[in-house]
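K.L.:
curious how this folds, go ahead:
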Amino acid sequence: MQDTNRSDLEILNVISNFFSVSFANRNLLNGLIYLHQISDPRMGRTRRLNIDMFKALCGEDAFPNVAVVTSMWSTDESSREFEKQIEREEQLSAEYLADVLSAEGLLRRVKSKDKTTIDVSSAQEIFQELFDLWKDDQITLDIQHELVNSGLRIGSTAAGKVLSSHLDKTYSAELSQLRSATKHASYAPTIPNEATDALDDDEQKALQASLAQLRADKQGMDLDLVQVHVQERKRFIAELTAIEARWRDELAEREREQAEHERMLAKRLQQQEQQEQQQQQFMAAFVREVAAQQQQQWREEQQRQREEKYREEVERMRKDLEEMRAEIQAKTETAEKAKRAWVDPLIEGAVGGGMQLVGGLITAGESYDSYHGLDKGEDVERCELTDLVDRDVVRSAVMGDLQVGRSRPEFEIHRKFVADGVLALTRDLSNCNLPIRLLFIWLFILGA
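P.N.:
Residues are numbered from 1 along each chain as shown. A predicted model of the protein is given here:
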């Protein structure tokens, strides 16, 4: 039995109170498991006391429902350490657990994952084995029977006697150590340069405190179950009060930490809000700048498109102007041709006289017909004369150069054809403007 905050008697009282209350409430046990760390190099006094106290608490009647489980085995089964652990297990079985194992108690090994951690799956397998083996059993421990049924005091129970013997031995050993240390301390100044067993002040104070605790434990062994229960109740309430005080202190500390955290959080949130506002302002300025840039780009693009459209329109107008200029040029050339085709023969006719005018008109009509394609048969009325009379023959007749005997064999030329030619020319003049017709009539009268 070992607890850094409790004495051996306090631990025995806690165990005795728990088992007695459970037994009084008819909460019986199925079995007990004792854990032993096999990695310890030797069986010290505390280890031996724990095993003896465990056996005294259980009693021989409960040994069939006891399992001793060894832990902290080496993971390397071929190592020297594992061999030493096997030897310790054999020593444990032969010297300390022989009575338990002879009463059909169990000895099991729980495997390790490493030097400080057990294998959970191995522990689960052992627990499942013990559960299946003991699930229908109910046992009564000696400490339960002695305290509840027999009404014995703690010091009169088997476990109490084991602890009392241990306290006596420990008290004697520590008292002898203290006396020896005090004796050596009194002689130490007279024996220089010689090692002594003298203790320093801290060690003497610790030893004296241990002796005082042992004396108190010896006096506390004379308690019955009710006194143990009352004492444990007070201890439990004191521990609970201490726990509550510790929790209140922790809560107050947590509240202070929470308040500080909230203050820091509020400050951080304020900073974040300021940063967000700055970011928003920056983003707004950035958006405005981007929008201005986009608007400027849009304007430039619109201007570029308008200029491109204007250039295309100017180019189109230039092409139209070129086409119009070419058309006007063609029309001008046509007018010049018409002018030359009409005016020159008319002037020649005016100079040559009346009949010469008629010949000029015929020649002008011939030029007009040739220019407008009438010689291809497109206008029957205008081509009547040319279809019947050779133009050269008519021109010669009008000009007075044609004689009756010099006519072509295929035509008989006479004055009728001249008259017909003049009538045809007069009919063509009816399609001209009034000033032109008057000019021709004036020239005709002048020539006659």
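
K.L.:
and the longest helix seen in the chain, how far from the chain's centre?
P.N.:
Longest helix in the chain by number of residues, with DSSP state H as the criterion: helix 225-352. Helix 225-352 has its C-alpha centroid displaced from the chain centroid by 25 Å (CA atoms, centre = their mean, to the nearest Å).

K.L.:
equivalent analysis for stretch 176-183, please.
P.N.:
73 Å.

K.L.:
now name the helix or strand holding Val68.
P.N.:
Assignment of secondary structure by DSSP states H and E places Val68 within strand 66-71.

K.L.:
now do that strand, average pLDDT.
P.N.:
Average pLDDT, strand 66-71: 94.

K.L.:
show me what it is packed against.
P.N.:
Secondary-structure packing of strand 66-71 (3 or more CB pairs under 8 Å, 6 or more residues apart in numbering; DSSP states H and E): strand 32-37, strand 106-109, helix 120-134. No exception for glycine: its C-beta is placed from N, CA and C like everyone else's.

K.L.:
any chance of these in JSON lines, plus mean pLDDT and distance to Ile11?
P.N.:
Converted to JSON lines, those look like this (pLDDT from 0 to 100; distance: least, CB to CB, whole Å):
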{"stretch": "strand 32-37", "mean pLDDT": "93", "distance to Ile11": "15"}
{"stretch": "strand 106-109", "mean pLDDT": "94", "distance to Ile11": "24"}
{"stretch": "helix 120-134", "mean pLDDT": "94", "distance to Ile11": "24"}
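
K.L.:
for those, which one sits closest to Asp142?
P.N.:
strand 32-37 (11.9 Å; CB to CB).

K.L.:
starting at the chain centroid, how far to the next helix or strand after the closest one?
P.N.:
Using DSSP H and E, the helix or strand that follows strand 32-37 in sequence is helix 45-58. Per CA atoms, centre = their mean, the displacement of helix 45-58 from the mean C-alpha position of its chain is 60 Å.

K.L.:
cool, stretch 46-64 as well?
P.N.:
With CA atoms, centre = their mean, you get 61 Å for stretch 46-64.

K.L.:
hey, C-alpha coordinates of it in PDB?
P.N.:
The C-alpha trace of stretch 46-64 is given here as PDB (Å, rounded to 0.1, in the frame of the first residue of the first chain):
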ATOM      1  CA  THR A  46       6.300  -1.800   0.200                       C
ATOM      2  CA  ARG A  47       5.800  -4.500  -2.500                       C
ATOM      3  CA  ARG A  48       5.700  -7.300   0.100                       C
ATOM      4  CA  LEU A  49       3.400  -5.300   2.400                       C
ATOM      5  CA  ASN A  50       1.000  -4.700  -0.500                       C
ATOM      6  CA  ILE A  51       0.800  -8.400  -1.400                       C
ATOM      7  CA  ASP A  52       0.400  -9.400   2.300                       C
ATOM      8  CA  MET A  53      -2.400  -6.800   2.800                       C
ATOM      9  CA  PHE A  54      -4.200  -7.900  -0.300                       C
ATOM     10  CA  LYS A  55      -4.200 -11.600   0.800                       C
ATOM     11  CA  ALA A  56      -5.400 -10.600   4.300                       C
ATOM     12  CA  LEU A  57      -8.200  -8.500   2.900                       C
ATOM     13  CA  CYS A  58      -9.400 -11.300   0.600                       C
ATOM     14  CA  GLY A  59      -9.000 -14.400   2.800                       C
ATOM     15  CA  GLU A  60      -8.400 -17.900   1.600                       C
ATOM     16  CA  ASP A  61     -12.100 -18.500   0.600                       C
ATOM     17  CA  ALA A  62     -11.700 -15.700  -2.000                       C
ATOM     18  CA  PHE A  63      -8.500 -16.900  -3.500                       C
ATOM     19  CA  PRO A  64     -10.200 -18.900  -6.300                       C
END
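
K.L.:
what residues sit buried inside it?
P.N.:
Going by neighbour count (16 or more other CB atoms under 10 Å), the buried part of stretch 46-64 is 47, 49-59, 62-64.

K.L.:
ok, residues contacting that stretch?
P.N.:
1-2, 8, 12, 15, 19, 32, 34, 36, 40, 66, 96-97, 99-100, 103-105, 139-143, 145, 157-159, 161-163, 166 (CB atoms under 8 Å, 6 or more residues apart in numbering).
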